[in-house]
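Enquirer: Give me a model of this one.
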Amino acid sequence: MTRAVSILIAVFLSLTLAACDESTETMLLEDRVLGDPNAPITIIEYASLTCSHCATFHKNTMPRLKREWLDTGRAKLLYRDFALDKNAATAAVIARCAPEDQYFRILSAFFSRQNSWSRMENPIPVLAQIAGSRGLSRADIDACLDDGDLVDGVLQMRLVGQDQHGVNSTPTFIVGERVVSGALSYDDFDAVLRSMKP
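Expert: You can find the predicted model right below:
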């Protein structure tokens, strides 16, 4: 096991064992945005890359949501990691290595191949192969996994979700003032979004 992964596990365990009584007002990492940043409706998604329900949402609901709401400028999606375990945290850090225009493609690839890496003792070789097919070198990935600030930033997203929005499961979506949990169908998600329109 590499030093970077050992650090990642230690940080993750301290996160999950710590009480959420410290301030989490500041996000350490900028949100990744899918859709027009000026869209009138904001969807915040909290998801874990090892969550099977999240993978189901990204496979079954996200393509149509993207086509009908995000690509048309009616809504934008802010993706935030809510890592449920060390493999999810590792994958989230690797995804963050990608250029912004490749970030959601790598997330989609990680979700679609979730069964091939999510339960492995060391998922890094498989994740590196998936990310490598989308332009990330192993050297870039190793550098990101050694970046303590990046690791902390990914894990801080979970604390922010818990502290500010009461997130305790994945996927959870914040749409306006509404908190919606679970891998909703497109029709159910569409109904939530339509209820937000003036």
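Enquirer: Show me what the host helix or strand of Ala131 is packed up against.
Expert: In this assignment (DSSP states H and E), Ala131 forms part of helix 124-132. Packing partners of helix 124-132 (3 or more CB pairs under 8 Å, 6 or more residues apart in numbering; DSSP states H and E): helix 86-97, helix 100-112, helix 138-145. In short, each C-beta sits where N, CA and C put it, glycine included.
Enquirer: one more time with 6 Å
Expert: Here helix 124-132 touches helix 86-97, going by 3 or more CB pairs under 6 Å, 6 or more residues apart in numbering; DSSP states H and E.
Enquirer: Could you give the average pLDDT over the helix holding Ala131?
Expert: Computed over helix 124-132, the mean pLDDT rounds to 95.
Enquirer: and that helix with helix 138-145, angle?
Expert: Angular relation of helix 124-132 and helix 138-145 on a 0 to 180 degree scale: 110 degrees, by axes from the mean of the first three to the mean of the last three CA atoms, to 10 degrees.
Enquirer: So which residues make contact with helix 124-132?
Expert: Defining contact as CB atoms under 6 Å, 6 or more residues apart in numbering, one finds that helix 124-132 is touched by Ala91, Ile94, Ile106, Ala109, Arg113, Ser116, Trp117, Arg138, Ile141.
Enquirer: Please give me every residue in contact with the first one.
Expert: It refers to Ala91. By CB under 6 Å, 6+ apart, Ala91 lies in contact with Leu49, Phe110, Leu127.
Enquirer: And the residue nearest the centre of the chain, how close does it get to Gln156?
Expert: Of all residues in the chain, the one closest to the mean position by CA atoms, centre = their mean is Asp81, 3.3 Å from it. According to CB to CB, to the nearest Å, Asp81 and Gln156 sit 9 Å apart.
Enquirer: Over to Ile44: give its phi and psi.
Expert: The phi/psi pair for Ile44 (degrees, to the nearest 10) reads phi -100, psi 120.
Enquirer: returning to what we had before: give me the pLDDT for the nearest residue to the residue nearest to the centre of the chain once chain neighbours are set aside.
Expert: In space, and not counting its chain neighbours, Asp81 is closest to Ala92: 4.1 Å by CB to CB, 6 or more residues apart in numbering. Confidence at Ala92, expressed as pLDDT, is 97.
Enquirer: wait, Ala92 sits on Arg80?
Expert: No - the criterion here is CB atoms under 6 Å, and Ala92 misses it with Arg80 at 9.6 Å.
Enquirer: Give me the more crowded residue out of the two.
Expert: Between Ala92 and Arg80, counted using other CB atoms under 10 Å, the more crowded position is Ala92 (28 against 23).
Enquirer: where does that one sit relative to Pro123, distance-wise?
Expert: Going from Ala92 to Pro123 by CB to CB gives 12 Å.
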